[in-house]
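J.: starting from these lines, generate the structure:
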Amino acid sequence: MGLTDNYKLNLIQWYPGHIAKAEKNLKEQLSRVDVVFEVRDARIPLATHHPQIDEWVGSKTRVLVINRLDMIPAQVRSLWVDYFKNRGETPYFTNAQHGQGVVAVSKAAQAAGVELNQRRRDRGMLPRPVRAVVIGFPNVGKSALINRLLGKRVVESAARPGVTRQLRWVRISDQLELLDAPGVIPAKLGNQEAAVKLAICDDIGEASYDNQLVAAALVDLLTSLEEQAGELLPKSPLYARYELDPIPHTGEGYLHALAEHRYKGDVERTARQLLTDYRKGFLGTVPLELPPM
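T.: Reported below is the predicted structural model:
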């Protein structure tokens, strides 16, 4: 029984107009870029992988940045490191809000620059700063990463896709220029399961979805992760927070029971609270994906 089998409707809608425009701008600029930083969310590193990124990156250097490392247990992080290394990728884990791991990301870009300029010299051309772009879903922490790389606040973080306005180049150092690109969402996300995870983690920007369905999906997901790999998660995150055991309930049933137990029967308020608690880390360091074994 998959996570979304209960939700046979198209759960999440977003606005392809915004997205098409952001994507077109990005594609136009990509020809001028040497290095692509792909930023993903440590809680859902697979769901935050943009399906078109491979065709966008082509033969350029890609640096895989997995942000919000503070939101998953250390043990889960090491499993992801092994998973990506087995696929020939080096993940750089960061907590961009606090600057953790950012120096390594900057060094990876500079290493790409050294290679680029060696090739330019071999062809009798002058060296130039390496041009990088940061790509990822809205809200995964791109602006925080750019601000950390710069060492000052220049980029306004914004939850709405397309709010990172027109594309602009930001010079980080003599060696590095950065293109500040808006959050890109696939124009259609065929995989509703991934869409639900994006909504739970608030990595989807300005989409419309039903809080109650998404909160119920979160409860179902936590229950199934506990069954699969309880040893990797904080113990009974929902029980620890709300003193109500999810085990006898479906996600939807739990939402209603919790509303009665805590919020005077207000299911919508309960759903919002649950999602907020998860997003703020009040349920503990709980990943929503584990590496496929």
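J.: hey, let's count contacts and neighbours off CA atoms from now on
T.: Noted.
J.: next, the buried residues of stretch 94-108.
T.: For stretch 94-108, the neighbour count (16 or more other Cα atoms under 10 Å) marks 94, 95, 96, 97, 100, 101, 102, 105, 106, 108 as buried.
J.: need the three-state assignment for residue 170.
T.: Under DSSP: H, G, I helix; E, B strand; the rest coil, residue 170 falls in the strand class.
J.: residues contacting it?
T.: Neighbour list for residue 170: 177, 178, 179, 180 [criterion: Cα atoms under 8 Å, 6 or more residues apart in numbering].
J.: and the helices in the stretch 101-250 of the chain?
T.: Counting by DSSP state H, counting those that start in this stretch, the stretch 101-250 of the chain has helices at residues 102-122, 142-150, 192-200, 211-229, 237-242.
J.: between those, which one is nearest to residue 13?
T.: helix 192-200 (9.4 Å; Cα to Cα).
J.: tell me what the closest one is packed against?
T.: Counting contacts by 3 or more Cα pairs under 8 Å, 6 or more residues apart in numbering; DSSP states H and E, helix 192-200 is packed against strand 12-13, helix 211-229.
J.: mean pLDDT lowest for which of these?
T.: Of all the helices and strands packed on helix 192-200, mean pLDDT reaches its minimum on strand 12-13 (a mean of 70).
J.: how far does that one sit from the chain's center?
T.: From the chain centre to the centre of strand 12-13 is a distance of 17 Å (Cα atoms, centre = their mean, to the nearest Å).
J.: circling back to that earlier point, just the helices and strands packed on helix 192-200: most buried one?
T.: Each of the helices and strands packed on helix 192-200 was scored by mean neighbour count; the highest is helix 211-229, a mean of 20, by mean count of other Cα atoms under 10 Å.
J.: pull the CA atoms of it into CSV?
T.: Provided in CSV are the C-alpha atoms of helix 211-229 (Å, rounded to 0.1, in the frame of the first residue of the first chain):
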residue,chain,number,x,y,z
ASN,A,211,-3.6,20.6,4.8
GLN,A,212,-5.7,17.8,6.2
LEU,A,213,-4.8,15.3,3.5
VAL,A,214,-1.1,16.3,3.7
ALA,A,215,-1.0,16.1,7.5
ALA,A,216,-2.8,12.7,7.4
ALA,A,217,-0.1,11.5,4.8
LEU,A,218,2.6,12.7,7.2
VAL,A,219,1.2,10.5,10.0
ASP,A,220,0.9,7.5,7.7
LEU,A,221,4.5,8.1,6.5
LEU,A,222,5.9,8.3,10.0
THR,A,223,4.1,5.1,11.0
SER,A,224,5.4,3.2,8.0
LEU,A,225,9.0,4.6,8.6
GLU,A,226,8.8,3.5,12.2
GLU,A,227,7.9,0.0,11.1
GLN,A,228,10.6,-0.1,8.5
ALA,A,229,13.5,1.5,10.4
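J.: and the most centrally placed residue in the chain, how far from residue 262?
T.: In the chain, the centroid-proximal residue (Cα atoms, centre = their mean) is residue 41; its distance is 2.9 Å. Remark: distance between residue 41 and residue 262 (Cα to Cα, to the nearest Å) = 30 Å.
J.: pLDDT below threshold where in the stretch 151-293 of the chain?
T.: Residue ranges of the stretch 151-293 of the chain with pLDDT under 70: 152-167, 182, 187-190, 206.
J.: residue 94: which element?
T.: strand 91-94 (DSSP states H and E).
J.: elements contacting that strand?
T.: Packing partners of strand 91-94 (3+ Cα pairs under 8 Å, 6+ apart): strand 61-67, helix 74-86, helix 102-122.
J.: now do stretch 115-128: distance from first to last residue.
T.: End-to-end distance of stretch 115-128 (Cα to Cα): 12 Å.
J.: got the buried residues for it?
T.: Residues of stretch 115-128 classed as buried by neighbour count (16+ other Cα under 10 Å): 116, 117.
J.: can I see the domain layout of the chain?
T.: The chain breaks down into these domains under automatic domain parsing: 12-180, 210-279.
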